[in-house]
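Enquirer: What shape does this take:
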Amino acid sequence: MGLLTDNGLVLASERKVTTTLLQPPKTSEKTYKIADHVWCSVAGLTSDANILINEARLKAGRYFYQYQEPIPVEQLVTHVSDHCQAYTQYGGLRPFGVSFLFAGYDSEHGFQLYQTDPSGNYSGWRATVVGANNAAGKTVLKSEYKKKEEDADEDAEVPPPTLNEGLKLAVKVLNKTMDNTVGSKEKMEIFVLERDGDGDNLKARTLTEKEKESVLSEVEAEAKDAGDK
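Expert: Coordinates of the predicted model:
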């Protein structure tokens, strides 16, 4: 899942643990760097995703070499979506079995979140969920990620949640969509792309086990308080 916050983006994914005999990953399982200002999360066939990620990296690198500036986020998403759509047109080819959440930042439009699907369609979102049990996750987002205050003017836009609020909402969505009923930090991968200072400098990081445990504790405490009331 992905969501916009007041100063960045949050991408959260479930790590599938099929057997304890597997070597723990040294790098991310679900989140990949395209360029310094664009990252993506993968839902589907990782082998198919690798081809498209390499295509996106090549496009971003060529654009920077030609124009000496980072590629606009939507232009990169459009290129990947066009590449996916081409594979639906001809016999002997199959569509790429993968959906992406692209999280990026550019000076023109700020932070942006896009979803692509195997058909080649893409769309921009404030918050969304892809992959298994996405309907349950979207239900949580619809109730918790409010676009307007209840007591505000009908046309008044409400600011997006803070980073901490976004992290807690990401954990709530994962708790709802994961196979197990109890949240486990080992099965969660949470990535943050935020602006460092007032300029366009970005800081990308994956939450440590200690940070995930802290967010989980806050969510559990809020759920307990709500239950008591």
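Enquirer: All the helices of the chain, residue numbers only.
Expert: Secondary structure of the chain (DSSP state H): helices located at 46-67, 73-86, 134-144, 163-177, 209-228.
Enquirer: quick one: which of these is nearest residue 122?
Expert: Closest approach to residue 122 among these (C-beta to C-beta): helix 73-86, 4.5 Å. The C-beta positions use only the backbone N, C-alpha and C, and glycine is treated the same way.
Enquirer: Tell me which of the helices of the chain is the most buried.
Expert: helix 163-177 (a mean of 21; mean count of other C-beta atoms under 10 Å).
Enquirer: How far away from the center of its chain is it?
Expert: Put simply, helix 163-177 sits 12 Å off its chain's centre (C-alpha atoms, centre = their mean, to the nearest Å).
Enquirer: What is that helix packed up against?
Expert: Here helix 163-177 touches strand 2-5, strand 8-14, helix 134-144, strand 188-195, helix 209-228, going by 3 or more C-beta pairs under 8 Å, 6 or more residues apart in numbering; DSSP states H and E.
Enquirer: now these as JSON lines including mean pLDDT and distance to residue 29?
Expert: Output for the helices and strands packed on helix 163-177, formatted as JSON lines (pLDDT from 0 to 100; distance: least, C-beta to C-beta, whole Å):
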{"stretch": "strand 2-5", "mean pLDDT": "94", "distance to residue 29": "16"}
{"stretch": "strand 8-14", "mean pLDDT": "93", "distance to residue 29": "7"}
{"stretch": "helix 134-144", "mean pLDDT": "89", "distance to residue 29": "18"}
{"stretch": "strand 188-195", "mean pLDDT": "92", "distance to residue 29": "6"}
{"stretch": "helix 209-228", "mean pLDDT": "84", "distance to residue 29": "14"}
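Enquirer: got a markdown table for these, with distance to residue 42 too?
Expert: Converted to a markdown table, the helices and strands packed on helix 163-177 look like this (distance: least, C-beta to C-beta, whole Å):
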| stretch | distance to residue 42 |
| --- | --- |
| strand 2-5 | 12 |
| strand 8-14 | 8 |
| helix 134-144 | 14 |
| strand 188-195 | 11 |
| helix 209-228 | 20 |
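Enquirer: wait, which of those is closest to residue 82?
Expert: Among these, strand 2-5 sits nearest to residue 82 (C-beta to C-beta), with 21.5 Å.
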